[in-house]
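K.L.:
let me see the structure of the following:
(chains A and B)
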Amino acid sequence: MKLGLDYIRDDKSVLTVGATTRLQTFLDSGFADEDGLEAVGDALREIRPVQVRNVATIGGEICISVPIVDLPTALLACGARIRILSSNNEERSLELEDFYIDAFLTKLKYGEIVKEVAIPKKMSSDREHSAFVKFGRTAYDFNLVNAAVSLAVKDEGRVSSIRTFLGGIRRTPVRATNFEEKLLGKRIDEKTVIEAAKDAFEKEKLLPSVHGSADYKMAILPIALRDCILKAYQRSTR
Amino acid sequence: MSDSVVLNVNGRTETARVRPYDTLSRVLREELGMFGTKRGCDFGGCGACTVSIDCKAVYSCMYPAQYAEGKEILTVEGLAKKSELGTDILSQIQDSFLINGGLQCGYCTAGIMISTKCLLEKNPSPTVADIQEALAGNICRCTGYGRILESIFAAAKSMRESP
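P.N.:
Have a look, this model is predicted:
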(Lines give C-alpha, C1' and ligand atoms only; values in the text may rest on other atoms or scores of the structure.)
Protein backbone atom coordinates (compact mmCIF):
# COMPACT_ATOMS: atom_id res chain seq x y z
CA MET A 1 0.00 0.00 0.00
CA LYS A 2 1.36 3.36 -0.96
CA LEU A 3 0.59 6.27 1.33
CA GLY A 4 1.26 8.85 -1.35
CA LEU A 5 3.36 10.96 1.01
CA ASP A 6 6.59 10.93 -1.00
CA TYR A 7 6.69 14.47 -2.37
CA ILE A 8 8.46 17.82 -2.17
CA ARG A 9 6.41 20.91 -3.03
CA ASP A 10 7.81 24.39 -3.41
CA ASP A 11 5.21 27.14 -3.65
CA LYS A 12 7.75 29.95 -3.19
CA SER A 13 6.64 30.87 0.35
CA VAL A 14 6.66 27.41 1.89
CA LEU A 15 8.56 24.20 1.20
CA THR A 16 6.41 21.16 1.98
CA VAL A 17 7.91 17.69 2.27
CA GLY A 18 5.79 14.55 2.62
CA ALA A 19 6.43 12.19 5.52
CA THR A 20 7.60 9.18 3.50
CA THR A 21 10.11 11.18 1.45
CA ARG A 22 13.54 9.58 1.84
CA LEU A 23 16.28 11.71 3.37
CA GLN A 24 18.49 11.23 0.29
CA THR A 25 15.67 12.31 -2.03
CA PHE A 26 15.27 15.53 -0.05
CA LEU A 27 19.03 16.11 -0.05
CA ASP A 28 19.36 15.45 -3.81
CA SER A 29 16.53 17.87 -4.59
CA GLY A 30 18.64 20.88 -3.62
CA PHE A 31 15.76 22.51 -1.76
CA ALA A 32 17.45 21.86 1.59
CA ASP A 33 20.38 24.08 0.58
CA GLU A 34 18.39 27.16 -0.33
CA ASP A 35 18.85 30.47 1.46
CA GLY A 36 17.56 30.24 5.00
CA LEU A 37 17.16 26.46 4.93
CA GLU A 38 20.87 25.59 4.99
CA ALA A 39 20.59 24.01 8.45
CA VAL A 40 18.36 21.32 6.94
CA GLY A 41 20.91 20.51 4.21
CA ASP A 42 23.71 20.50 6.80
CA ALA A 43 21.73 18.10 9.00
CA LEU A 44 20.81 15.75 6.14
CA ARG A 45 24.49 15.47 5.23
CA GLU A 46 25.37 14.58 8.82
CA ILE A 47 22.95 11.65 8.88
CA ARG A 48 25.13 8.80 7.72
CA PRO A 49 25.70 6.43 6.15
CA VAL A 50 24.19 6.66 2.66
CA GLN A 51 22.54 3.27 3.15
CA VAL A 52 20.45 4.83 5.93
CA ARG A 53 19.67 8.05 4.03
CA ASN A 54 18.36 5.99 1.10
CA VAL A 55 15.68 4.38 3.26
CA ALA A 56 15.05 6.61 6.30
CA THR A 57 12.18 9.06 5.95
CA ILE A 58 11.47 12.65 7.00
CA GLY A 59 8.44 11.48 9.00
CA GLY A 60 10.50 8.89 10.84
CA GLU A 61 13.16 11.43 11.83
CA ILE A 62 10.47 13.77 13.12
CA CYS A 63 8.35 11.26 15.02
CA ILE A 64 10.89 9.10 16.81
CA SER A 65 11.59 11.79 19.40
CA VAL A 66 14.93 10.71 20.85
CA PRO A 67 17.91 12.94 21.74
CA ILE A 68 20.22 11.24 19.23
CA VAL A 69 18.52 12.38 16.01
CA ASP A 70 19.67 15.33 13.94
CA LEU A 71 17.03 16.49 11.51
CA PRO A 72 14.49 17.81 14.07
CA THR A 73 17.03 20.24 15.57
CA ALA A 74 17.54 21.79 12.13
CA LEU A 75 13.83 21.85 11.30
CA LEU A 76 13.12 23.57 14.62
CA ALA A 77 15.65 26.31 13.93
CA CYS A 78 13.98 26.89 10.55
CA GLY A 79 10.53 27.29 12.14
CA ALA A 80 8.96 24.15 10.70
CA ARG A 81 5.29 23.23 11.10
CA ILE A 82 3.87 19.75 10.70
CA ARG A 83 0.51 18.53 9.45
CA ILE A 84 -1.01 15.56 11.21
CA LEU A 85 -3.50 13.22 9.55
CA SER A 86 -5.93 11.09 11.55
CA SER A 87 -7.46 7.75 10.64
CA ASN A 88 -10.84 9.45 10.08
CA ASN A 89 -9.19 11.77 7.56
CA GLU A 90 -9.08 14.91 9.68
CA GLU A 91 -6.00 17.10 9.58
CA ARG A 92 -4.47 19.46 12.07
CA SER A 93 -1.39 21.68 12.03
CA LEU A 94 1.17 22.11 14.77
CA GLU A 95 4.42 24.01 15.22
CA LEU A 96 7.21 21.44 15.48
CA GLU A 97 8.32 23.32 18.60
CA ASP A 98 5.08 22.20 20.29
CA PHE A 99 5.23 18.60 19.12
CA TYR A 100 7.69 16.97 21.52
CA ILE A 101 6.65 16.04 25.04
CA ASP A 102 9.41 13.65 26.11
CA ALA A 103 11.71 10.97 24.72
CA PHE A 104 9.53 8.65 22.62
CA LEU A 105 6.49 10.81 23.35
CA THR A 106 5.01 13.28 20.92
CA LYS A 107 1.60 14.90 20.61
CA LEU A 108 0.50 12.27 18.09
CA LYS A 109 -2.71 10.67 19.28
CA TYR A 110 -3.74 7.11 18.64
CA GLY A 111 -4.65 6.71 14.95
CA GLU A 112 -2.65 9.72 13.77
CA ILE A 113 0.37 10.03 11.52
CA VAL A 114 2.51 12.97 10.52
CA LYS A 115 1.56 13.75 6.93
CA GLU A 116 4.08 16.42 5.98
CA VAL A 117 6.43 19.08 7.26
CA ALA A 118 6.22 22.68 6.05
CA ILE A 119 9.25 24.97 6.23
CA PRO A 120 8.71 28.70 5.63
CA LYS A 121 11.02 29.98 2.94
CA LYS A 122 13.11 33.07 3.52
CA MET A 123 13.30 36.18 1.38
CA SER A 124 16.89 36.90 0.41
CA SER A 125 16.28 40.50 1.43
CA ASP A 126 15.89 39.35 5.03
CA ARG A 127 19.46 38.03 5.01
CA GLU A 128 18.26 35.19 7.17
CA HIS A 129 20.48 32.13 7.09
CA SER A 130 20.80 29.00 9.11
CA ALA A 131 23.36 26.34 10.01
CA PHE A 132 23.61 23.01 11.81
CA VAL A 133 26.59 21.30 13.45
CA LYS A 134 26.88 17.87 14.98
CA PHE A 135 29.38 16.45 17.42
CA GLY A 136 29.75 12.69 17.18
CA ARG A 137 32.66 10.37 17.77
CA THR A 138 32.81 8.69 14.36
CA ALA A 139 31.65 9.38 10.84
CA TYR A 140 28.26 7.83 11.30
CA ASP A 141 27.70 8.08 15.02
CA PHE A 142 24.60 9.42 16.67
CA ASN A 143 25.13 12.89 18.03
CA LEU A 144 26.55 13.73 21.44
CA VAL A 145 25.35 17.26 20.99
CA ASN A 146 23.96 19.01 17.96
CA ALA A 147 23.07 22.63 17.39
CA ALA A 148 21.04 24.50 14.81
CA VAL A 149 20.58 28.21 14.45
CA SER A 150 18.67 30.49 12.13
CA LEU A 151 19.56 34.17 12.33
CA ALA A 152 18.88 37.39 10.49
CA VAL A 153 21.36 40.20 10.27
CA LYS A 154 20.61 43.89 9.68
CA ASP A 155 22.37 47.25 10.21
CA GLU A 156 26.11 46.75 10.06
CA GLY A 157 26.02 43.06 10.85
CA ARG A 158 23.96 43.14 14.04
CA VAL A 159 21.73 40.19 14.80
CA SER A 160 18.09 41.19 14.49
CA SER A 161 16.51 37.80 15.12
CA ILE A 162 17.78 34.42 16.19
CA ARG A 163 16.44 30.92 16.85
CA THR A 164 18.84 28.44 18.44
CA PHE A 165 18.00 24.82 19.17
CA LEU A 166 20.13 22.14 20.79
CA GLY A 167 19.76 18.38 20.59
CA GLY A 168 21.33 15.63 22.64
CA ILE A 169 21.43 17.59 25.90
CA ARG A 170 17.92 16.93 27.19
CA ARG A 171 15.38 14.27 26.33
CA THR A 172 13.81 16.56 23.69
CA PRO A 173 15.42 19.39 21.70
CA VAL A 174 15.71 22.64 23.65
CA ARG A 175 15.59 26.24 22.60
CA ALA A 176 18.53 28.15 24.06
CA THR A 177 16.63 31.31 25.02
CA ASN A 178 19.10 32.60 27.66
CA PHE A 179 21.85 32.35 25.10
CA GLU A 180 19.84 34.03 22.33
CA GLU A 181 19.02 37.09 24.46
CA LYS A 182 22.71 37.79 24.91
CA LEU A 183 23.30 37.90 21.15
CA LEU A 184 20.41 40.05 19.95
CA GLY A 185 21.58 43.39 18.59
CA LYS A 186 25.22 42.35 18.67
CA ARG A 187 27.80 41.75 16.00
CA ILE A 188 29.01 38.17 16.15
CA ASP A 189 32.54 36.92 16.70
CA GLU A 190 34.00 33.95 18.52
CA LYS A 191 34.43 35.88 21.76
CA THR A 192 30.81 37.12 21.83
CA VAL A 193 29.44 33.62 21.33
CA ILE A 194 31.62 31.91 23.94
CA GLU A 195 30.76 34.69 26.39
CA ALA A 196 27.04 34.26 25.73
CA ALA A 197 27.29 30.48 26.17
CA LYS A 198 28.70 30.85 29.69
CA ASP A 199 26.05 30.34 32.35
CA ALA A 200 23.42 29.68 29.69
CA PHE A 201 23.13 26.06 30.76
CA GLU A 202 23.00 24.23 34.04
CA LYS A 203 25.07 21.08 34.17
CA GLU A 204 22.51 19.34 36.38
CA LYS A 205 19.96 19.54 33.59
CA LEU A 206 22.16 18.01 30.88
CA LEU A 207 21.46 14.44 29.81
CA PRO A 208 24.52 12.26 30.33
CA SER A 209 24.90 9.14 28.23
CA VAL A 210 27.33 6.24 27.89
CA HIS A 211 29.06 8.24 25.14
CA GLY A 212 29.32 11.57 26.91
CA SER A 213 29.06 12.67 30.53
CA ALA A 214 27.29 15.86 31.59
CA ASP A 215 30.73 17.39 32.19
CA TYR A 216 31.79 16.55 28.66
CA LYS A 217 28.61 17.92 27.13
CA MET A 218 28.97 21.06 29.25
CA ALA A 219 32.47 21.50 27.85
CA ILE A 220 31.55 21.07 24.18
CA LEU A 221 28.30 23.07 24.24
CA PRO A 222 30.04 26.46 23.83
CA ILE A 223 32.12 24.99 20.98
CA ALA A 224 29.06 23.59 19.24
CA LEU A 225 27.30 26.93 19.57
CA ARG A 226 30.33 28.86 18.41
CA ASP A 227 30.79 26.69 15.29
CA CYS A 228 27.09 26.80 14.47
CA ILE A 229 26.53 30.53 14.99
CA LEU A 230 29.68 31.49 13.09
CA LYS A 231 28.67 29.24 10.18
CA ALA A 232 25.22 30.88 9.96
CA TYR A 233 26.61 34.36 10.52
CA GLN A 234 29.15 33.96 7.73
CA ARG A 235 26.34 32.90 5.43
CA SER A 236 24.36 36.02 6.43
CA THR A 237 27.17 38.51 6.02
CA ARG A 238 28.65 37.18 2.76
CA MET B 1 -0.11 -10.44 3.20
CA SER B 2 0.99 -13.07 0.69
CA ASP B 3 3.36 -15.96 1.33
CA SER B 4 5.61 -15.30 -1.63
CA VAL B 5 7.40 -12.36 -3.14
CA VAL B 6 8.54 -11.78 -6.74
CA LEU B 7 11.92 -10.11 -6.92
CA ASN B 8 14.00 -8.81 -9.81
CA VAL B 9 17.52 -9.83 -8.75
CA ASN B 10 20.48 -9.19 -11.03
CA GLY B 11 18.17 -8.96 -14.01
CA ARG B 12 16.37 -12.23 -13.34
CA THR B 13 12.90 -12.73 -11.93
CA GLU B 14 12.92 -14.84 -8.78
CA THR B 15 9.98 -15.99 -6.68
CA ALA B 16 10.67 -16.64 -3.01
CA ARG B 17 8.75 -17.78 -0.01
CA VAL B 18 8.44 -14.95 2.48
CA ARG B 19 7.26 -14.56 6.06
CA PRO B 20 5.89 -11.31 7.49
CA TYR B 21 8.69 -8.77 8.14
CA ASP B 22 11.30 -11.02 6.49
CA THR B 23 14.35 -8.99 5.62
CA LEU B 24 15.76 -8.89 2.11
CA SER B 25 18.98 -10.35 3.51
CA ARG B 26 17.26 -13.47 4.77
CA VAL B 27 15.23 -14.00 1.62
CA LEU B 28 18.24 -13.56 -0.70
CA ARG B 29 20.41 -15.88 1.32
CA GLU B 30 18.14 -18.57 2.70
CA GLU B 31 15.28 -18.67 0.20
CA LEU B 32 17.19 -17.90 -3.01
CA GLY B 33 20.50 -19.46 -1.96
CA MET B 34 22.43 -16.30 -2.82
CA PHE B 35 24.99 -16.20 -0.04
CA GLY B 36 27.20 -13.55 -1.63
CA THR B 37 25.43 -10.93 0.50
CA LYS B 38 26.85 -11.39 3.99
CA ARG B 39 25.47 -11.07 7.51
CA GLY B 40 27.83 -9.09 9.74
CA CYS B 41 25.82 -7.46 12.48
CA ASP B 42 22.22 -7.68 11.27
CA PHE B 43 21.41 -4.27 12.70
CA GLY B 44 22.67 -1.73 10.20
CA GLY B 45 26.06 -1.11 11.76
CA CYS B 46 28.60 -2.82 9.48
CA GLY B 47 27.50 -2.74 5.83
CA ALA B 48 28.39 -6.36 5.00
CA CYS B 49 24.77 -6.84 3.88
CA THR B 50 24.76 -3.91 1.45
CA VAL B 51 22.80 -4.49 -1.76
CA SER B 52 21.74 -2.03 -4.45
CA ILE B 53 18.05 -1.27 -4.95
CA ASP B 54 17.34 0.91 -7.98
CA CYS B 55 21.00 2.00 -7.90
CA LYS B 56 20.84 3.03 -4.25
CA ALA B 57 22.91 1.30 -1.58
CA VAL B 58 20.70 -0.22 1.11
CA TYR B 59 21.24 -2.34 4.22
CA SER B 60 19.45 -5.56 3.26
CA CYS B 61 19.45 -6.69 6.92
CA MET B 62 16.95 -3.94 7.71
CA TYR B 63 14.98 -3.79 4.46
CA PRO B 64 11.66 -5.69 4.31
CA ALA B 65 11.80 -8.16 1.41
CA GLN B 66 8.31 -7.19 0.30
CA TYR B 67 9.34 -3.55 -0.21
CA ALA B 68 11.78 -4.75 -2.85
CA GLU B 69 9.04 -6.02 -5.15
CA GLY B 70 8.99 -4.12 -8.42
CA LYS B 71 12.49 -2.74 -7.89
CA GLU B 72 15.84 -3.66 -9.44
CA ILE B 73 18.04 -5.45 -6.97
CA LEU B 74 21.75 -5.86 -7.59
CA THR B 75 23.83 -8.18 -5.41
CA VAL B 76 27.51 -9.07 -5.61
CA GLU B 77 26.58 -12.12 -7.70
CA GLY B 78 25.35 -9.71 -10.36
CA LEU B 79 28.59 -7.77 -10.79
CA ALA B 80 30.30 -10.28 -13.05
CA LYS B 81 29.05 -11.04 -16.55
CA LYS B 82 28.87 -14.43 -18.21
CA SER B 83 31.09 -15.22 -21.18
CA GLU B 84 29.86 -17.23 -24.20
CA LEU B 85 31.33 -20.30 -22.55
CA GLY B 86 29.38 -19.63 -19.38
CA THR B 87 32.41 -18.60 -17.31
CA ASP B 88 32.47 -15.41 -15.24
CA ILE B 89 33.97 -12.22 -16.59
CA LEU B 90 34.68 -10.17 -13.50
CA SER B 91 33.63 -6.53 -13.44
CA GLN B 92 36.24 -3.79 -13.40
CA ILE B 93 35.45 -3.19 -9.73
CA GLN B 94 36.17 -6.83 -8.85
CA ASP B 95 39.34 -6.87 -11.00
CA SER B 96 40.58 -3.74 -9.30
CA PHE B 97 40.06 -5.16 -5.80
CA LEU B 98 42.00 -8.31 -6.79
CA ILE B 99 44.85 -6.47 -8.47
CA ASN B 100 45.17 -3.78 -5.81
CA GLY B 101 44.83 -6.01 -2.75
CA GLY B 102 41.57 -4.44 -1.62
CA LEU B 103 40.56 -7.46 0.44
CA GLN B 104 42.01 -9.88 2.99
CA CYS B 105 39.38 -12.11 4.56
CA GLY B 106 36.88 -10.82 2.03
CA TYR B 107 33.88 -10.74 4.32
CA CYS B 108 33.17 -7.02 3.96
CA THR B 109 34.08 -7.03 0.29
CA ALA B 110 30.73 -7.86 -1.26
CA GLY B 111 29.08 -4.96 0.55
CA ILE B 112 31.99 -2.65 -0.25
CA MET B 113 31.88 -3.43 -3.96
CA ILE B 114 28.13 -2.81 -4.11
CA SER B 115 28.56 0.54 -2.34
CA THR B 116 31.34 1.25 -4.84
CA LYS B 117 29.07 0.41 -7.78
CA CYS B 118 26.37 2.74 -6.43
CA LEU B 119 28.90 5.53 -5.94
CA LEU B 120 30.41 5.22 -9.41
CA GLU B 121 27.00 5.16 -11.10
CA LYS B 122 26.21 8.52 -9.52
CA ASN B 123 29.73 10.00 -9.59
CA PRO B 124 32.22 8.49 -12.06
CA SER B 125 35.04 10.77 -10.87
CA PRO B 126 34.94 10.69 -7.09
CA THR B 127 37.55 12.39 -4.97
CA VAL B 128 39.00 10.57 -1.97
CA ALA B 129 36.56 12.53 0.23
CA ASP B 130 33.63 11.43 -1.98
CA ILE B 131 34.75 7.79 -1.64
CA GLN B 132 35.08 8.11 2.13
CA GLU B 133 31.57 9.57 2.39
CA ALA B 134 30.04 6.89 0.17
CA LEU B 135 31.82 4.05 1.97
CA ALA B 136 31.26 5.41 5.50
CA GLY B 137 28.66 2.72 6.09
CA ASN B 138 30.95 -0.22 5.26
CA ILE B 139 33.47 -1.26 7.88
CA CYS B 140 36.50 -3.51 7.46
CA ARG B 141 38.48 -5.18 10.22
CA CYS B 142 41.38 -6.42 8.09
CA THR B 143 42.74 -3.94 5.60
CA GLY B 144 42.89 -0.59 7.35
CA TYR B 145 40.98 0.82 4.35
CA GLY B 146 44.07 2.04 2.48
CA ARG B 147 43.96 -0.53 -0.31
CA ILE B 148 40.18 -0.35 -0.44
CA LEU B 149 40.46 3.34 -1.31
CA GLU B 150 43.16 2.59 -3.90
CA SER B 151 41.06 -0.19 -5.43
CA ILE B 152 38.04 2.09 -5.77
CA PHE B 153 40.11 4.96 -7.16
CA ALA B 154 41.69 2.62 -9.73
CA ALA B 155 38.34 1.06 -10.64
CA ALA B 156 36.85 4.50 -11.23
CA LYS B 157 39.75 5.43 -13.50
CA SER B 158 39.53 2.17 -15.40
CA MET B 159 35.77 2.56 -15.87
CA ARG B 160 36.17 6.11 -17.14
CA GLU B 161 38.79 5.03 -19.64
CA SER B 162 36.99 1.98 -20.97
CA PRO B 163 33.32 1.92 -20.00
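K.L.:
what packs against whichever strand or helix holds residue B:117?
P.N.:
Following DSSP states H and E, one finds residue B:117 within helix B:109-122. When contacts are defined as 3 or more C-beta pairs under 8 Å, 6 or more residues apart in numbering or on different chains; DSSP states H and E, helix B:109-122 packs onto helix A:50-53, strand B:50-53, strand B:56-59, helix B:92-99, helix B:128-134, helix B:146-161. (Each C-beta comes from the backbone N, C-alpha and C, glycine too.)
K.L.:
shaky segments in chain A?
P.N.:
A:1 (pLDDT under 70).
K.L.:
per-domain residue ranges of it.
P.N.:
A:8-120, A:138-236 (automatic domain parsing).
K.L.:
please state the offset of the shortest one from the chain centre?
P.N.:
On the basis of C-alpha atoms, centre = their mean, to the nearest Å, domain A:138-236 is displaced by 12 Å from the centre of the chain it belongs to.
K.L.:
just say which of the helices and strands packed on helix B:109-122 is most tucked in.
P.N.:
strand B:50-53 (a mean of 27; mean count of other C-beta atoms under 10 Å in any protein chain shown).
K.L.:
what about that one, average pLDDT?
P.N.:
The predicted model assigns strand B:50-53 a mean pLDDT of 98.
K.L.:
that one and chain A in contact?
P.N.:
Yes. Under the criterion of C-beta under 8 Å from any C-beta of the partner chain, chain A is reached by strand B:50-53 at B:50, B:53.
K.L.:
check which helices and strands that strand sits against.
P.N.:
Going by 3+ C-beta pairs under 8 Å, 6+ apart, strand B:50-53 lies up against strand B:56-59, strand B:72-74, helix B:109-122.
K.L.:
10 Å instead?
P.N.:
The contact analysis (3 or more C-beta pairs under 10 Å, 6 or more residues apart in numbering or on different chains; DSSP states H and E) places strand B:50-53 against helix A:50-53, helix B:24-26, strand B:56-59, strand B:72-74, helix B:109-122.
K.L.:
how about JSON lines for those, with distance to residue B:155 added?
P.N.:
Formatted as JSON lines, the helices and strands packed on strand B:50-53 follow (distance: least, C-beta to C-beta, whole Å):
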{"stretch": "helix A:50-53", "distance to residue B:155": "18"}
{"stretch": "helix B:24-26", "distance to residue B:155": "25"}
{"stretch": "strand B:56-59", "distance to residue B:155": "16"}
{"stretch": "strand B:72-74", "distance to residue B:155": "16"}
{"stretch": "helix B:109-122", "distance to residue B:155": "7"}
